[in-house]
Every structure is written in structure tokens, then in C-alpha cells.
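[1] Here's a sequence, model it:
(one chain, ligands or ions: 1)
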Amino acid sequence: MRACYRYWLTFYFHPHRNAFRAYVDWFFPTVSAWLQRDEEKAATWPARTFRRQRFFDPSEFGWIGSEKDKRVQLRRAIQSIQEKTRVMVVTGAGISAESGLPTFRGKEGYWRKWNPRRLATLEAFQRTPEIVWQFYYERRQQIRQSEPNAAHVAIVQLALNCAEFLLVTQNVDDLHDRAEYQGQRLSNGQIIHIHGKIFVSRCTNPNCDFKRNDRNAGDVEAELPRCPRCNWNLRPGVVWFDEDNDHNDEERIEKFLTKPCDVVLVIGTTATFDYIRRWVLTAAVKGAWFIEINPDKTRLSRFAHHVIHRRAARVLPQLVNEAVELGPGSFG
Ligand code: APR
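    Residues are numbered from 1 along each chain as shown. Next comes the predicted model:
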């Protein structure tokens, strides 16, 4: 039975494997669990012990695994960007890491040190607004002092070369908005901050729609601010764990995904949220070439056509530059 599955699974590692993988993972949870256990063991067990016990070794079947294959894959990834016109990029805290901002679940990540329930929920804000405000105030200060890095810039360059482009970022910082390539920035229509924006301060009174941008407010906002209209507390314009994303933002993403994308590029996120995985996999199942850039493995890695285990600011400019240079006007 297991041998039978093994042969059937050779397709699992085929270059055009996205739809097949999604199918296996969805309908054959046992096989999917075997594969996952294989991957986990491969990371920790000594190679000899592991090889004997391995359920499925992709390199046996020649689709993938050798260094040469990896180079071929990378070239394909570059070509896929170069030839294509409709691109979706999904980013997380990892892309801002090289600008000096901590991630959430990484080594020095916020949620390794602090409990997100106490700092990133509406309930926490209602209980201890000053403490929650202080956390966001300090993060605002840190973001003000940081600059977009080469990966943010490369995304702008990529967008300028695509016919249709959408960036879905989970980051509440404004580094994507500030990044410039040859004097140009992403337009509002090209970027969705699905978890809100940290510099927006808005009123907590449900009957008041006061909102302002505190990007340049500096020290003024160190104390929990009050609404100038109704005197209720102001809160940061981010989406907390016990809140829903903006419905309009979600609709814009779903709309973009109704037509097939050519490439979906996922950078610096653990893809913890199911809607993030769903959007990426929807694009991939509909035919997008799926590239992931992350030094670590994530819950999406095994669905990707190409995983680049490197830091975004190092590898992304190279990838985009090479794609652009491969041919003039090459994005269509
Ligand atoms: N380049 C690319 N990726 C990197 C880099 C780098 N230089 N450094 C770290 N990473 C990767 C990490 O390996 C990790 O997979 O970035 C990812 C960061 O993951 P998280 O800290 O979980 O951040 P993110 O996925 O954005 O979190 C999602 O969770 O807490 C909420 O609202 C918060 O938007 C956030 C959401």
C-alpha cells in the first residue's frame, strides 16, 4: 500500500505540482502526514538513519532535489516573473526585519517576549489602554527611525514592470509606502494593509468616525490621546487578534484573485493566518507560479514551486533585476 502511494506521489514533486499537492493534502491527510513527518525527520535526524526509514524521497524520482535542479528551478522562477504581467505579492514582518524592525514569532520577535493577548486585542485595550498604547507608541517611534530596505524597493521596481500588481502586506508599518524606485512609489490601489496602519489613530466611540494620521506627530502621542471631537480614547488603526479584517480590503483581494495571476510571491511571513494561506493557495491553484522567500520553512513552503531560503533584502533585488534585464519590456 505504502509502495503504491510512493509511485503515485512522484508527481508531488513535479514542477507543476501545486494543484496536485493541494489535492493530496486535502483529501489524503494520512499521506500528507507521512510526508510532513519525513520533512521533520530530515531536518533533525542523522542522514543514514533517516534514509532507511524514509517514506518518500523525491530525489529518487529525479524531479527535484539536486543542486542542478535547484538552479533550473530558480531560473524558471525568474523567467516566470519576466514573462508575466499579473503579479500578487504577500509580505509579512520578515521583509522589514532588515530595516531593523523585530518580527513577531522570530528569534527576537514580539510574541516571544510578550503575550499578544495583553497587547494586541481589543479586550486588552479596553482593560489597560495605557499599556497597549505604550506598546504601539514605542513601535511607532521605532518605525519612524527606520528606512525601507532593498527588498521594499525591489517590490516597487517589480510593480512598475507589471501590467497588474497587488501587494497584500500584513505589516502595519509604512515602509512599503515610503519605498521608492527611480522616484516612484506604489500607488494606493496597488497596496493593501490587511492588518491596518499603525500611524492611524482613530476614535473608539462607535458613534464617532474621527481618524487622523499621526505619522509626523512625534512625541505628542506618548500619552494615550483623546478624541478632539468626543473625548473618548483614541486607538491605533491596526487589526487586533479579536477583530475582523476590513471587509473592503478582503473584497479587493478576492476580486483580484477572480482572474488568474501569473506569479504569487510570498515574502517574510510565517503565514499563520488561514486567510493568508487561502489567498496564496487560491492564486497557486489557479495557475500562478508560487515563489516563497524566507530564511525558514513555513506552513506554505511545501506548496511553493520555488522556495528561496534567504533574506529578502539580499535575494529579492537580484531576482527582480535579473527578471527585468532578461529582456526589454519583458513584463508585457
Ligand atoms: N527576509 C525574509 N524573511 C525573513 C527575514 C528576512 N530577512 N527575517 C525573518 N524572516 C521571516 C521569518 O523566518 C518568519 O517566517 O519572516 C517571518 C516573520 O514571521 P512572523 O513574525 O510570524 O510575522 P508575520 O508572518 O508577518 O505575522 C503575521 O501576525 O502577530 C500578527 O498582526 C501580526 O501581521 C502580523 C501577523
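
[2] quick one: Arg299 from the ligand, how far?
    As for Arg299, its distance to the ligand is 10 Å (criterion: C-beta to the nearest ligand atom, to the nearest Å). (Each C-beta comes from the backbone N, C-alpha and C, glycine too.)

[3] Tell me which helix or strand that residue sits in.
    Counting by DSSP states H and E, no helix or strand carries Arg299.

[4] Let me see the confidence value for it.
    Here the pLDDT value assigned to Arg299 is 89.

[5] thought it was touching Arg277?
    Yes - distance between Arg299 and Arg277: 6.5 Å, which falls inside the contact criterion (C-beta atoms under 8 Å).

[6] got the residues of the stretch 101-250 of the chain near the ligand?
    Thr103, Phe104, Arg105, Gly106, Gly109, Gln170, His195 (C-beta under 6 Å from any ligand atom).

[7] From those residues, list just the buried residues.
    Buried members of those, scored by 16 or more other C-beta atoms under 10 Å, are Thr103, Phe104, Arg105, Gly106, Gln170, His195.

[8] still on that earlier bit, so what's in contact with Arg299 and Arg277 at the same time?
    Ala271 (C-beta atoms under 8 Å, 6 or more residues apart in numbering).

[9] between these two, who's got more neighbours?
    Ranked by neighbour count (other C-beta atoms under 10 Å), Arg299 and Arg277 place Arg277 first, with 18 against 13.

[10] so which helix or strand takes in the more buried one?
    Per DSSP H and E: Arg277 is located in helix 274-285.

[11] Against which helices or strands is the following helix or strand past that helix packed?
    Moving toward the C-terminus from helix 274-285, the first helix or strand encountered (DSSP H and E) is strand 289-293. If you count contacts as 3 or more C-beta pairs under 8 Å, 6 or more residues apart in numbering; DSSP states H and E, strand 289-293 packs onto helix 67-83, strand 263-267, helix 274-285, strand 306-308, helix 312-325.

[12] one more time with 7 Å, if that's ok
    Judged by 3 or more C-beta pairs under 7 Å, 6 or more residues apart in numbering; DSSP states H and E, strand 289-293 is in contact with helix 67-83, strand 263-267, strand 306-308, helix 312-325.

[13] CA-only coordinates of stretch 224-238 in PDB, if you can.
    Extracted C-alpha coordinates of stretch 224-238, given in PDB (Å, rounded to 0.1, in the frame of the first residue of the first chain):
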ATOM      1  CA  LEU A 224      -2.900  58.000  25.500                       C
ATOM      2  CA  PRO A 225      -4.700  60.600  23.300                       C
ATOM      3  CA  ARG A 226      -8.300  61.700  23.500                       C
ATOM      4  CA  CYS A 227     -10.600  62.300  20.600                       C
ATOM      5  CA  PRO A 228     -10.800  66.100  19.900                       C
ATOM      6  CA  ARG A 229     -14.500  65.600  19.000                       C
ATOM      7  CA  CYS A 230     -16.000  63.400  21.700                       C
ATOM      8  CA  ASN A 231     -13.200  62.900  24.200                       C
ATOM      9  CA  TRP A 232     -13.200  59.100  24.000                       C
ATOM     10  CA  ASN A 233      -9.900  57.300  23.800                       C
ATOM     11  CA  LEU A 234      -8.100  57.100  20.500                       C
ATOM     12  CA  ARG A 235      -6.700  53.800  19.500                       C
ATOM     13  CA  PRO A 236      -4.100  52.700  16.800                       C
ATOM     14  CA  GLY A 237      -5.600  51.800  13.500                       C
ATOM     15  CA  VAL A 238      -4.400  48.200  13.400                       C
END
